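**Student:** what's the 3D shape of this:
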Amino acid sequence: MTQLPATTEKKLGLVIDLDTCVGCHACVVNCKEWNTSNYGAPLSDTDAYGADPQGTFLNRVHSFQVSPPEAPAMTVHFPKSCLHCEDAPCVTVCPTGASYKRTEDGIVLVNEDDCMGCGLCAWACPYGARELDALAGVMKKCTLCVDRIYNENLPEEDRVPACVRTCPAGARHFGDFADPQSEVSVLSRARGGMALMPEQGTRPVNRYLPPRLKDKSLREDKALTPVGEEPKGFLAWLDKALEAL
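**Tutor:** Numbering: from 1, shown residues only. Below you'll find the model as predicted:
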């Protein structure tokens with residue numbers, strides 16, 4: 001069994017803003033592309049365009065319709081990947097030592113050469129954040145793009161996880177939670193960053209910023225009053241052209 005480090009020099013992780021995430025899945029797509037063409041064994045897909053498509057993803061987005069009390073119903077998009085827990089049960093349960101947590105930055109990784117695909121780590125993870133790649137026969141998980149964040153051949157702005165770099169809404173943030181002045185630490189304190197399922201005792205590093213409740217007045221159904229206005233200029237010409245068709 002693999003032992004967890006007593007402490008880590010850094011606590012690298014993500015802050016995900018549930019108020020800003022629009023569920024576009026750009027993070028999912030870019031994560032898939034980067035981890036298929038770079039780190040480790042490619043993420044496989046089978047029958048991608050058939051009746052029963054199967055694929056391996058390190059990041060997924062789930063969408064929920066919620067109805068908070070005293071607030072209008074809202075849709076919450078919930079991205080989920082490995083949380084790089086401080087007390088990671090996926091590490092201590094691994095029989096070959098393939099799963100491990102790095103001392104220098106706290107990132108949880110899998111040594112694919114040592115992984116035998118037994119699935120114990122997936123069983124131990126309370127967040128469902130690990131996936132067995134059926135074609136490669138090894139367990140896959142978010143690496144925080146460890147091959148990007150330390151790559152000095154990349155521009156500095158690209159030395160972040162692919163999901164963070166690609167998010168068009170700016171809902172994902174990357175940094176060191178061990179530094180109280182880092183962006184992720186400041187955001188988490190200011191917005192009440194939540195640990196996912198703290199009752200599990202895994203002490204996940206990643207934090208979620210809760211969605212802001214919408215104004216109660218938005219719940220009231222108000223019919224919009226149409227405003228008639230004659231088109232002018234190009235719009236007037238286009239209107240006449242369309243009528244002639």
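
**Student:** for this structure, which spans come out with low pLDDT?
**Tutor:** 1, 39-41, 215-229, 231, 234-235, 238-239, 241-242, 244-245 (pLDDT under 70).

**Student:** go with 90
**Tutor:** For the chain, the stretches flagged by pLDDT under 90 are 1-3, 35-50, 52-55, 65-74, 134-136, 212-245.

**Student:** What's the separation between the spatially most central residue of the chain and residue 28?
**Tutor:** Closest residue to the average C-alpha location of the chain: residue 79 at 4.3 Å, with CA atoms, centre = their mean. To residue 28, residue 79 is 8 Å away according to CB to CB, to the nearest Å. Any C-beta I mention is one placed from the backbone N, CA and C, and that applies to glycine too.

**Student:** Overlap of the contact sets of these two?
**Tutor:** Each of 59, 60, 61, 163 lies in contact with both residue 79 and residue 28 under the rule CB atoms under 8 Å, 6 or more residues apart in numbering.

**Student:** Okay, and the beta partners of the third one?
**Tutor:** Put plainly, it is residue 61. Beta-bridge pairing for residue 61 (DSSP bridges): residue 79.

**Student:** Pull the contacting residues for it.
**Tutor:** 21, 23, 25, 27, 28, 77, 78, 79, 80.

**Student:** for the third one, what are its contacts?
**Tutor:** In this case it means residue 25. With CB under 8 Å, 6+ apart, residue 25 has these contacts: residue 61.

**Student:** ditto for the fifth one
**Tutor:** By CB under 8 Å, 6+ apart, the residues touching residue 28 are 57, 59, 60, 61, 79, 163.

**Student:** what's the neighbour count on the last one?
**Tutor:** It stands for residue 163. 26 (other CB atoms under 10 Å).

**Student:** Tell me the secondary structure of it, please.
**Tutor:** Here residue 163 is helix, with the state taken from DSSP: H, G, I helix; E, B strand; the rest coil.

**Student:** what about the nearest residue to it once chain neighbours are set aside, which helix or strand?
**Tutor:** Excluding its sequence neighbours, the residue lying closest to residue 163 (CB to CB, 6 or more residues apart in numbering) is residue 27, at 3.7 Å. Element membership for residue 27, per DSSP states H and E: helix 26-37.

**Student:** Kindly format the C-alpha coordinates of that helix as CSV.
**Tutor:** Provided in CSV are the C-alpha atoms of helix 26-37 (Å, rounded to 0.1, in the frame of the first residue of the first chain):
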residue,chain,number,x,y,z
ALA,A,26,-15.1,23.6,-23.0
CYS,A,27,-13.1,22.4,-20.0
VAL,A,28,-14.2,18.8,-20.8
VAL,A,29,-13.2,19.0,-24.4
ASN,A,30,-9.9,20.6,-23.9
CYS,A,31,-9.0,18.3,-21.0
LYS,A,32,-9.8,15.3,-23.3
GLU,A,33,-7.7,16.7,-26.1
TRP,A,34,-4.7,17.6,-24.0
ASN,A,35,-4.6,14.3,-22.1
THR,A,36,-5.1,12.3,-25.2
SER,A,37,-2.2,13.9,-27.1
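
**Student:** what comes up buried for that helix?
**Tutor:** Within helix 26-37, the residues that count as buried by 16 or more other CB atoms under 10 Å are 26, 27, 28, 30, 31, 32, 34, 35.

**Student:** Partner strands of the helix or strand that it is followed by and their direction?
**Tutor:** The helix or strand immediately downstream of helix 26-37 is strand 45-46, counting by DSSP H and E. Applying DSSP bridges, strand 45-46 is found paired with strand 54-55 (antiparallel).

**Student:** can you give me the helices in this protein?
**Tutor:** Assigned by DSSP state H, the chain shows helices spanning 26-37, 89-92, 120-124, 146-149, 162-166, 183-191, 233-244.
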